[in-house]
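A.B. asks: Predicted model follows, preceded by the sequence.
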Amino acid sequence: MRVAPICWMPKCCSILFLGLLVGVCVPARLNSQEVSVLAVSSEGALQPARADVTPEQIFAELMRRNELRNGALRSYTVERSYAVTDPKGKVHAQKTVRLDYRAPDTKSFVTISEKGSAVVRRLVLNRLMESETEAASGKSHRDSTITAANYTFTLLGEQDLGGNHCFVVQATPTRSDKYLFNGKVWIDAQDYAVVQIVGHPAKKLSMWVDKADFVRRYQKIGEFWLPLKDETSVHVRFYGSKTLTIDHERYTINEAKREQVRGEGEDFK
């Protein structure tokens, strides 16, 4: 069960780190006051979780619902905007693409526009899209999905987030692996879908990386929960901080199986 149709955030950290190491960004001294990732939005304080729910039940229902949604989603199109920036907001590279997905394993990218450093686009942005295509087709054998084999859940409480009432859980990886994450997950209490993930790689990426953090936010498109915004921040010794932002806009659900999502025996478009 995949909770996200694009590459997992620690892989984004790794690829952004590669771009920094080849010297495409301006060197900088470590500044302990730098903010590595965007502030996490929430509405209201974290409340105690209801007594009749356990983390095991939440985990099981999340996987069951995701399996149904993934099985139902046959084809979609989305416009993505990638940007690599420094802490002052200077843009080093940008790229806007159209992603076409067709189940079960086909993803294709068409470039709409691009500007900035050609080296950053080649080593960071293009590599991200190549990794995603490989993962979708099964060529990448790194399993970073949220499953019982990879994570355990600890229920922290409940909280409102962007109009969604959510369970908040701590996701702890079952092994030290840079392709897994350690962090918090907000899960919609009605749809049992991931609304937000905040974390960092479960294993240090390199002796050169002081910090690597990510935030991923999801949105509901029709019956499906799909990425809204990703922000990955990496700080490399002697090079400073850079942030990779991915905005997901203009989704079109081209084809889906109605019976899997709504319990009816027909397709809809």
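C.D. replies: Structure received.
A.B. asks: Pretty sure Ala60 sits in a helix.
C.D. replies: Yes - using DSSP: H, G, I helix; E, B strand; the rest coil, the assignment for Ala60 is a helix.
A.B. asks: what's the distance between the lengthiest strand in the chain and the middle of its chain?
C.D. replies: Longest strand of the chain, by residue count under DSSP state E: strand 240-257. Distance of strand 240-257 from its chain centroid, counting by C-alpha atoms, centre = their mean, to the nearest Å, is 9 Å.
A.B. asks: how about it as CSV, C-alpha atoms only?
C.D. replies: Output of strand 240-257 as CSV, limited to C-alpha atoms (Å, rounded to 0.1, in the frame of the first residue of the first chain):
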residue,chain,number,x,y,z
GLY,A,240,24.2,26.0,3.8
SER,A,241,20.5,25.3,3.5
LYS,A,242,18.4,24.7,0.4
THR,A,243,14.7,23.9,0.2
LEU,A,244,12.9,21.9,-2.5
THR,A,245,9.3,22.8,-2.9
ILE,A,246,6.8,20.8,-5.0
ASP,A,247,3.3,22.2,-5.6
HIS,A,248,0.6,19.9,-7.0
GLU,A,249,-2.2,21.7,-8.9
ARG,A,250,-5.0,21.3,-11.4
TYR,A,251,-5.7,17.6,-10.8
THR,A,252,-8.0,15.8,-13.3
ILE,A,253,-9.3,12.4,-12.4
ASN,A,254,-9.6,10.8,-15.8
GLU,A,255,-10.8,7.3,-14.8
ALA,A,256,-11.8,5.6,-11.6
LYS,A,257,-13.6,2.4,-10.5
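A.B. asks: Check which helices and strands it sits against.
C.D. replies: Where contact means 3 or more C-beta pairs under 8 Å, 6 or more residues apart in numbering; DSSP states H and E, strand 240-257 is packed against helix 9-21, helix 55-72, strand 73-85, strand 209-221, strand 224-236, strand 267-268. (C-beta placed from N, C-alpha, C; glycine too.)
A.B. asks: partner strands of it, parallel or antiparallel?
C.D. replies: strand 73-85 (antiparallel), strand 224-236 (antiparallel), strand 267-268 (antiparallel) (DSSP bridges).
A.B. asks: how about the helices in the stretch 51-200 of the chain?
C.D. replies: In the stretch 51-200 of the chain, the helices defined using DSSP state H, counting those that start in this stretch lie at 55-72, 118-120, 126-137.
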